[in-house]
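# Sequence first, then the predicted structure, then my questions.
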Amino acid sequence: MGELIHGAQRRPLTAGRTLFDEADEFELAVPASCRRTGRCHECVVEVRRGADLLNPLTPAESFLSHGFRLACQAVVERTDSDLEFAVVRRKLRILMPSEPESSERFDVDPVVKRDGGSVTYDGEWIGPATERLLGLALDVGTTTVVLELVDLETGRTTAAAAFENPQRFGGSDVMSRNAYDADHPGELRRALRRALNRQLENLYLEFGIDRHEVYEAVVAGNPTMRDMFFGLDVGPLGHSPFRSLTEAAFRAGETASSGIVRRAHELGLLINPQGRVVGVPLIACHVGADTAADLVATNFASQAGVSLLIDIGTNTELVIGDGRRILAASSPAGPAFEGGGVSHGMAGADGAIEAVSWSDGRFVCRTIGGGPAEGICGSGLVDLLAASRRAGLLRQNATLEPGLRAIEVVPEQSVDLTRADVSNLAQAKSANACGQLILMRRLGVTPDQVDQVFLAGGFSNALDVENAIAIGLLAQVPMERMKRVGNASVRGAKALLLSARRRRELEDLLSRVEHVELEAEPDFFELFVDGCRIEPIG
């Protein structure tokens, strides 16, 4: 008889039971709000192997791509081999902001104000005053969603949370989701809205918050994630010139900004129905609102010397400036360092190997949460490549040593790194490297002339910078100039939420940014091939 597998958990496979029933046995929290009838489309799970043991897709599952099922609809029909599945939406590790730092760094002059017994938005009456005036700072990433509920009168964070973006059934990268949205309009947007509202409900209950106290939301994200959140057509972002509808309208002089403003009730967002939802303006093409928010959080425009901002993700964003010029580019790195396309890759959640070293002829691994290894997240993959090179298991040309079919990382948990995994990681690494080298070349500087590198995003926060330089993921800027800035995107969204002045300054800054098309460089292909080598660059 086969076994049912979820991470490190195993139990006998039982015919006639749904994956939702089995999830109950594992004590897994699978979201659902339709009493398991298939109507809410929330209980999406990923079937990693053994899909043929289940019943065929039901009509309720017609929107799902290959490898995904609704847990309430997937019934075990055969038990002759193993079946492995994973819950799509998981809570992730989040770096919580420190209150002293928050209160010192943020101007508090929001658009939402208390006017006697009323609340106004940019001078316009919204409604009667409530006990608190709160706002929502939101970073919608391809892989993760991070949010902060902020007191608009003190600037302090009231609550914060993060969860895995439930849209993964539509693909691991933005281009896949663009294509999916064209075939299933609105499905991805609804999945995110349901997950976000459920998270907000939980926070409201935990912290005693009335949704009517939340008067504004500022939303950052890459162009696809931001526009999909607002229900805009993301089709134009899937083909040249890769411009959002809002960017195209701004360039045509039809609007004053590529930002977006809607009322909360129009979007179904669980805040004050008359509250405003603001989409941070974009920079250009796939350099999105998340990068714009990064610039705000790091005070990029006012930095002395040469500054480089790197936000590594499925689509890595890069900005470089020297006080006179600011250049920006996006690098389609793909989802490898966020778990996509890697056999045991996963997001930074409990059970993920986050750090790896080589000692006494074996790998030493540390997992998030300290439990058994279920897979490897981005920081662990970087360490693993570096450790494998040092151990002589991996060659400079990103191939395994002769005789190796895979690198065994945690043999007792069957966690390994295959040839295909290494190839995918090498290509993702090279895409990141090419972007850095091209922008530095365009600005006329070398890595040793860069005064500070801002490493943004949750992945960068956990990254071993020395290992990242050793494998060629980061250029050889001196280590002491590397600055981790955590989730700068949500922090930038918070700064914009709290300050009307910062919003005006951002619009002025974005008018100065020069967008660089990396693939248009004459030697891009040669740079990409060289960048696939597991060695330092620049």
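Sure, I can see it.

# quick check, distance from stretch 49-58 to the centre of its chain.
Computed by C-alpha atoms, centre = their mean, to the nearest Å, the chain-centroid distance of stretch 49-58 equals 29 Å.

# Next, the buried residues of that stretch.
For stretch 49-58, the neighbour count (16 or more other C-beta atoms under 10 Å) marks Gly50, Ala51, Leu53, Leu54, Leu57 as buried. Where C-beta positions appear, they are placed from N, C-alpha and C, glycine not excepted.

# Pull the most distant pair out of the residues you listed.
Gly50 and Leu57 (15.1 Å; C-beta to C-beta).

# Using CSV, list the CA coordinates for stretch 394-404.
What follows is stretch 394-404, C-alpha atoms only, in CSV (Å, rounded to 0.1, in the frame of the first residue of the first chain):
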residue,chain,number,x,y,z
LEU,A,394,29.9,20.8,-8.6
ARG,A,395,32.0,22.2,-11.4
GLN,A,396,32.5,25.8,-12.4
ASN,A,397,30.5,25.1,-15.6
ALA,A,398,27.4,24.2,-13.5
THR,A,399,27.7,20.5,-14.1
LEU,A,400,27.9,17.7,-11.5
GLU,A,401,31.2,15.9,-11.0
PRO,A,402,31.4,12.7,-13.2
GLY,A,403,29.4,9.8,-11.7
LEU,A,404,27.0,12.0,-9.7
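
# What lies in contact with that stretch?
385, 388-389, 392-393, 406-407, 419, 422-423, 425-426, 532-535 (C-beta atoms under 8 Å, 6 or more residues apart in numbering).

# Determine which two of these are furthest apart.
Every pair of the contacts of stretch 394-404 checked by C-beta to C-beta; the farthest is Ala406 and Glu535, at 21.7 Å.

# Show me which helix or strand of the protein is least confident by mean pLDDT.
helix 99-105 (a mean of 45; mean pLDDT, DSSP states H and E).

# Below-threshold pLDDT in the protein: ranges please.
Across the chain, the ranges flagged by pLDDT under 70 are 33, 88-105.

# count of residues packed around Leu385?
The number of residues packed near Leu385 is 27, by other C-beta atoms under 10 Å.

# so Tyr215 sits right up against Val111, yeah?
No - look at Tyr215 against Val111 with C-beta atoms under 8 Å: they stay out of range, at 9.0 Å.

# Show me which of these two is the more surrounded one.
When Tyr215 and Val111 are compared for neighbours, Tyr215 comes out ahead with 27 against 22, by other C-beta under 10 Å.

# phi, psi of the more buried one?
Per-residue torsions, Tyr215: phi -100, psi -10 (degrees, to the nearest 10).

# In this protein, spot the helix with the most residues.
helix 419-443 (DSSP state H).

# before we move on, back to that, closest one to Arg366 out of the buried residues of stretch 49-58, please.
Gly50 (29.7 Å).

# Could you tell me the phi and psi values at Leu417?
Per degrees, to the nearest 10, the backbone of Leu417 is at phi -120, psi 120.

# I'd guessed it sits against Ala387; true?
No - contact criterion C-beta under 8 Å: Leu417 and Ala387 do not qualify, at 10.5 Å.

# give the contact list for the spatially most distant residue from the centre of the chain.
The C-alpha centroid of the chain is most remote from Gly116, which lies 40.3 Å away (C-alpha atoms, centre = their mean). Listed by C-beta under 8 Å, 6+ apart, the contact partners of Gly116 are Ala129.

# now it: how far from Pro128?
To Pro128, Gly116 is 10 Å away according to C-beta to C-beta, to the nearest Å.

# show me the contacts for Pro12.
Met1, Glu3, Leu4, Thr79.

# Just the buried residues of those residues.
Using 16+ other C-beta under 10 Å, the buried members of these are Leu4, Thr79.

# need the strands for the stretch 151-300 of the chain, in chain order.
In the stretch 151-300 of the chain, the strands defined using DSSP state E, counting those that start in this stretch lie at 157-164, 214-221, 260-263, 276-279.

# can you tell which of those strands is closest to Ala333?
Here strand 214-221 is closest among those (C-beta to C-beta), at 16.7 Å.

# So what angle separates the directions of that closest one and strand 157-164?
Taking axes from the mean of the first three to the mean of the last three C-alpha atoms, to 10 degrees, one finds strand 214-221 and strand 157-164 inclined to each other by 40 degrees.

# Tabulate the CA atom coordinates of strand 214-221 in PDB.
These are the backbone C-alpha positions of strand 214-221, laid out as PDB (Å, rounded to 0.1, in the frame of the first residue of the first chain):
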ATOM      1  CA  VAL A 214      -8.900  51.400   8.100                       C
ATOM      2  CA  TYR A 215      -9.300  54.300   5.700                       C
ATOM      3  CA  GLU A 216      -6.600  53.800   3.100                       C
ATOM      4  CA  ALA A 217      -4.500  51.100   1.600                       C
ATOM      5  CA  VAL A 218      -1.300  51.700  -0.400                       C
ATOM      6  CA  VAL A 219      -0.400  48.700  -2.700                       C
ATOM      7  CA  ALA A 220       3.000  48.000  -4.100                       C
ATOM      8  CA  GLY A 221       3.900  45.100  -6.400                       C
END
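
# Now do it: which elements does it pack against?
Helices and strands touching strand 214-221, by 3 or more C-beta pairs under 8 Å, 6 or more residues apart in numbering; DSSP states H and E, are strand 118-121, strand 134-140, helix 223-229, strand 276-279, helix 289-297, helix 488-498.

# Give me the contact list for the fourth one.
So that's strand 276-279. The contact list for strand 276-279, computed with C-beta under 8 Å, 6+ apart, reads 111, 121, 215-219, 226-227, 229-230, 246, 259-264, 267, 269, 271, 289, 496.

# repeat that for 6 Å
For strand 276-279, the external contacting residues (C-beta atoms under 6 Å, 6 or more residues apart in numbering) are 121, 216-219, 226, 230, 259-262, 264, 267, 269.

# same question, the first one
By C-beta under 6 Å, 6+ apart, the residues outside strand 118-121 that reach it are Val111, Val112, Lys113, Trp125, Ile126, Gly127, Ala129, Arg276.

# Pairing partners for the next helix or strand after that strand, with directions?
Beyond strand 118-121 on the C-terminal side, the first helix or strand identified by DSSP states H and E is strand 124-128. Strand pairing for strand 124-128, using DSSP bridges, gives strand 118-121 (antiparallel).

# From the opening residue of stretch 24-39 to its closing one, how far?
19 Å (C-alpha to C-alpha, to the nearest Å).

# List the buried residues of it.
Phe26, Leu28, Val30, Pro31, Ala32, Arg36, Gly38.

# Out of those residues, the closest to Val174 would be?
Closest to Val174 out of the buried residues of stretch 24-39 is Pro31 (23.2 Å), distances taken as C-beta to C-beta.

# how near is that closest one to Thr144?
16 Å.

# Also Ala387?
For Ala387, the distance to Thr144 - C-beta to C-beta - is 26 Å.

# How about Ala333?
In terms of C-beta to C-beta, Ala333 sits 16 Å off from Thr144.

# And Glu401, by the same measure?
Glu401 is 35 Å from Thr144, by C-beta to C-beta.

# Give me the more crowded residue out of these two.
Higher neighbour count among Glu401 and Thr144: Thr144, with 24 against 12, using other C-beta under 10 Å.

# For stretch 273-291, output the C-alpha coordinates as CSV.
Output of stretch 273-291 as CSV, limited to C-alpha atoms (Å, rounded to 0.1, in the frame of the first residue of the first chain):
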residue,chain,number,x,y,z
PRO,A,273,-15.9,50.8,2.1
GLN,A,274,-15.3,54.5,1.4
GLY,A,275,-11.6,54.2,2.0
ARG,A,276,-9.2,54.7,-0.8
VAL,A,277,-6.9,52.0,-2.3
VAL,A,278,-3.8,53.5,-3.9
GLY,A,279,-1.6,51.7,-6.4
VAL,A,280,2.0,53.0,-6.2
PRO,A,281,3.1,54.4,-9.6
LEU,A,282,5.3,52.2,-11.8
ILE,A,283,8.8,53.0,-13.1
ALA,A,284,8.7,51.4,-16.6
CYS,A,285,7.7,48.1,-18.2
HIS,A,286,8.4,45.3,-15.6
VAL,A,287,10.2,47.6,-13.2
GLY,A,288,7.2,48.1,-11.0
ALA,A,289,5.6,49.7,-8.0
ASP,A,290,7.5,47.5,-5.7
THR,A,291,10.8,49.0,-6.9
